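Chemist: got a sequence here, can you model it:
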Amino acid sequence: ITLKSKKKKMGFLTKLLALFSITSNNDYDYTMLVTEWRPSDCIIRGCVSGFNENSFNIHGNWPERNNGSWPSYCSSTPFSINSDTKSDLLQYWVSDSQPNEDFWKHEWEKHGTCISPAVPCDNFFKDTITAFKKANFQGQLENAGVYPSDSKTYNISTIVNAFEYSLEITCQYKNGKHYLYELTACLDKSGE
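Modeler: Residues are numbered from 1 along each chain as shown. Down below sits the predicted model:
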């Protein structure tokens with residue numbers, strides 16, 4: 001190997017390592033607050049007893065990058081919450097299929113550890129719940145005259161126009177019907 005080819009290989013390796021370090025750290029541009037409409041989740045995927053309430057549920061708050069990638073599993077900080085946080089989670093952020101503790105641990109390890117600057121586990125969950133309450137998806141729908149119903153249907157424009165800001169609205173189709181499934185809001189790093 002000549003000196004020239006070694007330099008080319010080293011240059012390539014340096015660029016590759018730089019690219020890897022950029023995409024493997026916990027830098028992100030915004031978070032996605034993903035919520036699910038509990039009754040639709042139960043119809044589409046099935047759910048555990050007690051999950052099927054007429055309310056939205058937090059699915060997650062996921063750091064995302066503008067290029068479509070996302071950080072995950074950014075540190076080994078253990079999952080640990082206090083009783084106040086657990087009480088709030090049981091009201092706003094429950095699992096549709098697995099034990100809640102397993103679900104919360106997964107959300108913390110995969111997503112919460114990537115919040116920057118780093119926050120304690122309780123803060124990640126409390127801050128997400130605060131953003132969820134502030135978004136008030138259900139209240140905005142009700143203010144626009146949109147209520148849960150097994151018989152009444154709504155035009156998608158009625159749902160879109162119910163919100164003061166842009167959202168990603170996901171519907172699912174099953175048994176000849178479309179169901180409002182998820183509402184996702186993009187939040188800046190301050191949770192706004």
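
Chemist: so where's this protein shaky on pLDDT?
Modeler: Scanning the chain for pLDDT under 70 picks out the ranges 1-25.

Chemist: OK, contacts around V48?
Modeler: Going by C-beta atoms under 8 Å, 6 or more residues apart in numbering, V48 touches S95, D96, S97. (C-beta placed from N, C-alpha, C; glycine too.)

Chemist: which of these count as buried?
Modeler: S95, D96 (16 or more other C-beta atoms under 10 Å).

Chemist: show me which of the contacts of V48 is closest to F163.
Modeler: When those are ranked by distance to F163 (C-beta to C-beta), D96 comes first, at 23.8 Å.

Chemist: residues near the residue nearest to that closest one when sequence neighbours are not counted, how many?
Modeler: Once flanking residues are discounted, D96 sits nearest to C47: 4.1 Å by C-beta to C-beta, 6 or more residues apart in numbering. Counted by other C-beta atoms under 10 Å, the residues lying close to C47 total 19.

Chemist: wait, C47 touches P39, no?
Modeler: No - C47 lies out of contact with P39 (C-beta atoms under 8 Å); the separation is 9.1 Å.

Chemist: OK, contacts around the residue nearest to D96?
Modeler: R38, D41, D96, S97.

Chemist: that one: what secondary structure?
Modeler: coil (DSSP: H, G, I helix; E, B strand; the rest coil).

Chemist: mind checking which of the contacts of V48 are in helices?
Modeler: Among the contacts of V48, none falls in helices (DSSP state H).

Chemist: got JSON lines for the contacts of V48, with distance to Y30 too?
Modeler: Listed next are these as JSON lines, based on distance: C-beta to C-beta, whole Å:
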{"residue": "S95", "distance to Y30": "25"}
{"residue": "D96", "distance to Y30": "25"}
{"residue": "S97", "distance to Y30": "28"}
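
Chemist: just give me the closest of the contacts of V48 to S151.
Modeler: Distance to S151, by C-beta to C-beta, is smallest for D96 among these, at 24.2 Å.

Chemist: isn't the closest one right up against P39?
Modeler: No - the pair D96 and P39 does not pass the contact test of C-beta under 8 Å, sitting 11.0 Å apart.

Chemist: for the protein, just list every one of the strands.
Modeler: For the chain, applying DSSP state E gives strands covering 30-37, 56-64, 168-174, 177-187.

Chemist: just the closest of the contacts of V48 to V34, please.
Modeler: Using C-beta to C-beta, the contacts of V48 come closest to V34 at D96, 12.9 Å.

Chemist: show me what contacts the closest one?
Modeler: Counting by C-beta under 8 Å, 6+ apart, the residues that D96 touches are E36, R38, D41, C42, R45, G46, C47, V48, F51, N57.

Chemist: quick one: which of those residues has the most company?
Modeler: With neighbours set by other C-beta under 10 Å, the maximum within the contacts of D96 is found at E36, which has 24 neighbours.

Chemist: many thanks, we can stop here.
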